[in-house]
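> Would you be able to build a 3D model of this:
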Amino acid sequence: MRIPRLLAILVLPLAILFTTAVGQDSTGTKEADPGMMARAKAIAQKRAEEKRLRQQMVSDSVVSGQNRVDDRGDWHGQGRDTGGAIILDRAGELRQIEDARGEEIVLLENNVKIIQDSMTTWCDWARHRRQQGLLELYGDVVMIDPERSLKADEVFYYENNRRSIARGNVILERDSVIMYCEQAQYDEVSDVATFDRNVIGRDLRRKIVITGDNGTYDTERQFARIPTDPILIQIDSLDQEEARVVGEYMEYDALNGLALARENVKITWHDVEGWGDELFFYPDSNLALLVGEPRILHIRDEVLGDSIWMYMREGTLDSAVVKGNAVAYTPSDSIETAPRSSLRGKRIVLTFTEGEISQMASYGQAVGIYHVFQDGVDQGSNQVSGDHVELNIEENNLQSVRVVGGTEGTFYPPHLAGKLRNERP
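The predicted model follows:
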């Protein structure tokens with residue numbers, strides 16, 4: 001015996017199946033309304049017909065349910081409209097029972113499939129608490145609609161507000177973003193999921209992984225907030241760690257490709273380390289902005305200021321722009337004990353070639369201190385100032401200096417240059 005495509009209707013609180021028509025008022029003194037009595041009779045007949053259909057479904061399902069192929073995850077609900085009603089497409093067995101409080105419960109077992117408008121749901125077994133409007137789903141639960149999917153060991157689905165509480169190996173997926181955690185709540189109306197315990201988010205397109213203790217995820221905006229112990233990791237094409245960002249709070253905008261970290265932020269990006277109060281990380285553009293007493297360190301190159309932009313190219317630091325109280329340090333010679341030259345100004349631009357600094361240019365009240373070495377021999381130090389100071393470097397050796405506007409300069413032999421060389425360790 002074949003099972004009909006729509007085997008039965010799991011009744012919602014709003015469905016007419018659970019309305020009642022009463023012929024008398026609470027006092028029992030008024031005569032019944034003939035029209036109301038007719039409606040009550042029609043409802044009773046409808047209930048009887050549905051009971052017959054449910055019994056038929058049980059009979060048919062027992063015979064043929066075991067032979068059905070489990071199409072779990074094979075979504076086909078585009079454009080489907082059930083008027084908000086939850087419809088049972090199949091189950092191996094259906095039973096109606098009452099609990100100790102007299103609440104009617106429908107039990108569904110064996111390869112359960114349910115639909116509601118464009119959403120399709122599968123599970124191993126389910127329990128429908130009609131009076132509460134609660135659908136309890138257990139065992140390899142899969143819920144799919146046109147834009148997202150939810151998977152978990154168990155899901156409690158509240159029909160009236162379309163809110164789901166998922167537990168155990170929870171996976172929420174939309175486009176290229178997948179969120180994992182131990183427990184989650186999902187509000188289908190607001191499209192916001194709340195995650196608890198061991199959150200993991202993956203942006204497959206950018207090969208980014210975000211972890212934390214808890215957080216929220218707006219599936220419509222593809223926007224995640226991780227307020228506790230967040231960590232962001234970006235993986236390169238060889239599946240090696242390319243960048244790591246930590247802080248006390250983090251936001252990730254998958255639509256626009258932006259991560260924001262706040263408070264005690266640290267970024268490790270290839271061979272660059274950076275610290276600050278806030279970090280704006282743009283993985284699509286290979287850009288990062290540090291603000292709030294930022295500092296970056298690249299081998300022996302060091303930069304400080306009010307804000308620092310970093311730009312990576314092919315896995316190496318290509319340039320950095322420092323604004324506000326800008327200071328930059330770079331080795332004066334390849335000898336490790338050689339002091340570092342420094343540059344100060346309102347804005348400093350650093351250019352790197354194959355990962356090594358090749359130019360430092362300071363703009364606005366620029367002051368440069370550079371140390372001269374020839375074949376490893378200390379020749380002394382120079383201090384220059386002007387509107388613009390430019391140091392050109394090759395293989396950690398100063399090649400040329402250019403000063404423009406209001407130029408001043410002082411040369412110090414090695415035995416008098418100690419003060420210039422102890423400005424910063």
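
> Can I get the strand or helix carrying K323 as PDB, trimmed to CA atoms?
Using DSSP states H and E, K323 sits in strand 316-331. Extracted in PDB, the C-alpha atoms of strand 316-331 (Å, rounded to 0.1, in the frame of the first residue of the first chain):
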ATOM      1  CA  THR A 316      55.600  39.300   3.300                       C
ATOM      2  CA  LEU A 317      55.200  42.800   4.700                       C
ATOM      3  CA  ASP A 318      55.000  45.200   1.800                       C
ATOM      4  CA  SER A 319      54.400  48.600   3.500                       C
ATOM      5  CA  ALA A 320      53.300  50.300   6.700                       C
ATOM      6  CA  VAL A 321      51.800  53.700   7.300                       C
ATOM      7  CA  VAL A 322      52.100  55.300  10.700                       C
ATOM      8  CA  LYS A 323      50.000  58.400  11.700                       C
ATOM      9  CA  GLY A 324      50.200  60.600  14.800                       C
ATOM     10  CA  ASN A 325      53.300  60.700  17.000                       C
ATOM     11  CA  ALA A 326      54.900  58.300  14.500                       C
ATOM     12  CA  VAL A 327      58.200  56.600  15.400                       C
ATOM     13  CA  ALA A 328      60.000  54.000  13.300                       C
ATOM     14  CA  TYR A 329      63.200  52.000  14.100                       C
ATOM     15  CA  THR A 330      65.400  50.000  11.800                       C
ATOM     16  CA  PRO A 331      68.900  48.400  12.000                       C
END
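
> Could you list the paired strands of that strand along with their orientation?
strand 301-304 (antiparallel), strand 307-313 (antiparallel), strand 340-353 (antiparallel) (DSSP bridges).

> That one: how far from the chain's middle?
Mean-position distance between strand 316-331 and its chain equals 31 Å (Cα atoms, centre = their mean, to the nearest Å).

> Quick check: nearest residue in space to P146, chain neighbours excluded?
Leaving aside its sequence neighbours, P146 sits nearest to S118 (Cβ to Cβ, 6 or more residues apart in numbering; 5.6 Å). (Each C-beta comes from the backbone N, C-alpha and C, glycine too.)

> which sections of the protein are below the confidence cut-off?
1-37, 39-69, 422-425 (pLDDT under 70).

> quick one, helices of it?
34-64, 418-421 (DSSP state H).

> what comes up buried for the strand holding K323?
Judged by neighbour count using 16 or more other Cβ atoms under 10 Å, the buried positions of strand 316-331 are 317-323, 326-331.

> Check the gap between R221 and T337 for me.
According to Cβ to Cβ, to the nearest Å, R221 stands 53 Å off from T337.

> Between the two, tell me which one has more neighbours.
Using other Cβ atoms under 10 Å as the criterion, R221 and T337 rank with R221 on top: 13 against 5.

> just checking, that one touches L255?
Yes: the criterion here is Cβ atoms under 8 Å, and R221 meets it with L255 at 6.5 Å.

> about what we covered before: for T194, see how far away the residue nearest to P146 is.
Taken as Cβ to Cβ, the span from S118 to T194 is 23 Å.

> again, but for E154
Counting by Cβ to Cβ, the gap from E154 to T194 is 17 Å.

> more crowded one of these two?
Using other Cβ under 10 Å as the criterion, E154 and T194 rank with E154 on top: 19 against 16.

> residues contacting the more buried one?
136-139, 141, 166-168 (Cβ atoms under 8 Å, 6 or more residues apart in numbering).

> can you check L107 too?
Contacts of L107 by Cβ under 8 Å, 6+ apart are 93-97, 125-128.
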